[in-house]
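1. show me the folded form of this:
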Amino acid sequence: MRALIFAAGRGERMRPLSDHTPKPLLKAGGRMLIEYQIAALAQAGIDQIVINVAHLADAVCAALGDGAAYGVHIIYSREGDRAEHALETAGGIVKALPLLGPAPFLAVSGDVVTDFDYRRLFAHAQAIALGAADAHFVLVPNPPSHPGGDMGLAQGRVTTARPWFTYGNIGVFAPRLFTGQPPERRKLFPWMYHAVEAGRVTGELYHGRWYNVGSPAELAALDAELQRWPLVLQ
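-> Next up, the predicted model:
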């Protein structure tokens with residue numbers, strides 16, 4: 001399974017820090033945010049990684065290179081070199097689709113830090129490949145910054161019924177969902193709700209460590225926590 005890491009946007013809530021440093025390259029606990037994702041993927045044996053870039057694209061490419069330092073192979077899906085060129089999540093997937101191959105792929109955000117074990121997703125990828133579903137989402141309890149949640153979960157299927165949980169920005173997708181779609185600026189949600197309503201999205205609720213770093217205050221809080229309680233990744 002290949003992975004796509006979203007790293008193209010500016011991160012408006014993270015300004016002014018993200019004006020001159022790409023948000024995924026900001027540090028917490030002595031590591032760039034995106035390095036936690038790369039390490040978690042490598043630990044799971046996912047060593048073929050696509051990173052989409054736009055805002056300060058050259059800085060991301062220069063910092064991470066071809067991935068050899070992390071034991072992975074990185075290629076870049078370049079959407080441009082400015083924040084306004086970023087295609088959002090759905091558009092970013094469509095743009096990167098030729099690099100992701102024909103098998104189900106994992107898509108994660110470059111500003112999420114978690115100890116979720118990505119090996120847990122291999123069985124779901126296999127089920128998607130066999131046609132049992134079109135996607136699998138990892139949900140998390142609603143954080144203070146997103147109390148309303150995004151979607152429900154019942155008997156292993158994602159639903160639109162309440163109570164809602166928060167999409168953890170971790171998902172496995174069938175390429176067929178995006179085949180033939182134009183590579184234009186578009187978010188994954190609400191577009192993906194058509195598959196949810198059709199019962200084609202499985203899901204799970206993860207109660208472990210998960211942080212979506214959106215603002216300078218959240219970055220500082222995560223840095224302090226990781227100094228006290230490091231995230232154990234290879």
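
2. and R13, that one's in a helix?
-> Yes - the assignment for R13, made by DSSP: H, G, I helix; E, B strand; the rest coil, places it in a helix.

3. next one: it from S145, what distance?
-> For R13, the distance to S145 (Cβ to Cβ, to the nearest Å) stands at 9 Å. C-beta coordinates here come from the backbone N, C-alpha and C atoms, glycine included.

4. list the residues that contact both of these two?
-> Common neighbours of R13 and S145, counting by Cβ atoms under 8 Å, 6 or more residues apart in numbering, are 214-215.

5. where does this structure have low pLDDT?
-> Low-confidence segments of the chain (pLDDT under 70): 233-234.

6. and the longest strand for the protein?
-> Determined from DSSP state E, the single longest strand within the chain is strand 166-173.

7. partner strands of that one and their direction?
-> Next to strand 166-173 in the sheet, as set by DSSP bridges, lie strand 105-109 (antiparallel), strand 135-140 (antiparallel).

8. what is the neighbour count of the closest residue in space to R209 that isn't next to it in sequence?
-> Nearest non-adjacent residue to R209, counting by Cβ to Cβ, 6 or more residues apart in numbering: D115, 4.6 Å away. Residues near D115, counting by other Cβ atoms under 10 Å, number 14.

9. okay but D115 is in contact with L226, surely?
-> No - when contacts are counted by Cβ atoms under 8 Å, D115 is not listed as touching L226 (11.2 Å).

10. hmm, back to that, just put the strands paired with strand 166-173 in a markdown table and tack on distance to A40.
-> Formatted as a markdown table, the strands paired with strand 166-173 follow (distance: least, Cβ to Cβ, whole Å):
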| stretch | distance to A40 |
| --- | --- |
| strand 105-109 | 8 |
| strand 135-140 | 12 |
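
11. for F189, helix, strand, or coil?
-> coil.

12. distance to P230 and mean neighbour count added to the strands paired with strand 166-173, as CSV?
-> CSV is the format used below for the strands paired with strand 166-173 (distance: least, Cβ to Cβ, whole Å; neighbours: other Cβ atoms under 10 Å):
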stretch, distance to P230, mean neighbour count
strand 105-109, 20, 24
strand 135-140, 20, 24
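
13. and the ones you listed: which comes nearest L64?
-> With Cβ to Cβ as the measure, strand 105-109 is the member of those nearest L64 (14.6 Å).
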